[in-house]
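[1] Only the shape, not the letters, is given here:
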């Protein structure tokens, strides 16, 4: 049984958490930098220290036991507490340290107003030793992860305002309906949205759920969680779909797609920074938020609130 938590125990717990995050021993090899047999030995050692099994592994796949689920939750709370302690102690020296978990919407690299890489470059010039973790997810999932503390901040398009979160607009994006070169409407003049009702559409989970689209798809025969999948269906000529204009520009210029009634069917959305609305001592997070504001011309929080 585990009576004292040693450095070895912490290391074994981190290996265990990584295996769970990756979905199994084999998938965790790359992130941990060790072979599957070594990972298995470490997990077995942890189970011996605890006195019970944490996971089932074999031909049926990898899954946690009920006690393994509990240990994972406890371990994540422990890591968070250790991280807070480290950040608070190290911040006394004036250097930014720790880890930051950031969430982003997918495919914004071609959006000129999204100055993400400029922000990262500005942050890198600070006196810092911060490890950054990036996650691409849907808006609703990013909100949930920020609210739970799994993400420090996220940037995406949010139509709602959840309690205990603070939203700050950063930049805008234009979205329009596109069809591919093989689509029957590609070479035909389109006069109104009614002409699109009989077409097959692909809907996408990244779209803001509460926004009333100018063109309401009547025949949605495909669904995608990310924009790249929407792009494939549009380029195939089988479906119409909404895409950001900056993202579609490359294929429009190549003559592979075109926007349909962009003035009347297009619409604008705003991407916002979201963080937990609470006082904190994470100086690295505060510095990154400051750099985001500076790069996007957003007023400091004291003036914005």
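    Good, I have the coordinates. All figures in this text were calculated on a predicted structure; none of them were measured in a lab.
[2] Poorly predicted segments of the chain, please.
    The model of the chain has pLDDT under 70 over residues 1-3, 205-213, 215-217, 280, 300-305.
[3] which residues of it fall in helices?
    For the chain, the helices defined by DSSP state H cover 7-22, 25-32, 36-50, 66-90, 116-124, 139-148, 227-236, 245-253, 262-265, 283-296, 301-304.
[4] Columns distance to residue 172 and mean neighbour count on top of the ones you listed, output as a markdown table?
    Every residue, glycine included, has its C-beta placed from N, CA and C. Output for those, formatted as a markdown table (distance: least, C-beta to C-beta, whole Å; neighbours: other C-beta atoms under 10 Å):
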| stretch | distance to residue 172 | mean neighbour count |
| --- | --- | --- |
| helix 7-22 | 34 | 17 |
| helix 25-32 | 36 | 16 |
| helix 36-50 | 45 | 16 |
| helix 66-90 | 33 | 14 |
| helix 116-124 | 14 | 16 |
| helix 139-148 | 15 | 18 |
| helix 227-236 | 17 | 20 |
| helix 245-253 | 11 | 16 |
| helix 262-265 | 15 | 14 |
| helix 283-296 | 11 | 20 |
| helix 301-304 | 17 | 10 |
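[5] So the closest residue in space to residue 171 that isn't next to it in sequence versus residue 299, what's the distance?
    Counting by C-beta to C-beta, 6 or more residues apart in numbering, residue 171 lies nearest to residue 113, which is 3.8 Å off, once chain neighbours are set aside. Going from residue 113 to residue 299 by C-beta to C-beta, to the nearest Å gives 17 Å.
[6] likewise residue 176?
    From residue 176 to residue 299 the distance is 30 Å (C-beta to C-beta).
[7] One more: residue 161?
    Taking C-beta to C-beta, one finds residue 161 at 19 Å from residue 299.
[8] before we move on, back to that, out of residue 176 and residue 299, which sits in the more crowded spot?
    A side-by-side neighbour count of residue 176 and residue 299, using other C-beta atoms under 10 Å, places residue 176 first with 22 against 10.
[9] thinking again about what came up before, now do the same contact list for the residue nearest to residue 171.
    Contact partners of residue 113, counting by C-beta atoms under 8 Å, 6 or more residues apart in numbering, are 171-173, 296.
[10] The helices of the chain: which one's closest to residue 183?
    Comparison of the helices of the chain against residue 183 by C-beta to C-beta identifies helix 227-236 as nearest, at 8.0 Å.
[11] got the contact list for that closest one?
    Under C-beta under 8 Å, 6+ apart, the answer for helix 227-236 is 106-107, 178-182, 202, 204, 206, 222, 224, 239-244, 247-248, 251, 256-257.
[12] So among those, which ones count as buried?
    107, 178-181, 202, 204, 206, 222, 224, 239-244, 247-248, 251, 256-257 (16 or more other C-beta atoms under 10 Å).
[13] So which of those residues belong to strands?
    178-180, 202, 204, 222, 224, 241-244, 257 (DSSP state E).
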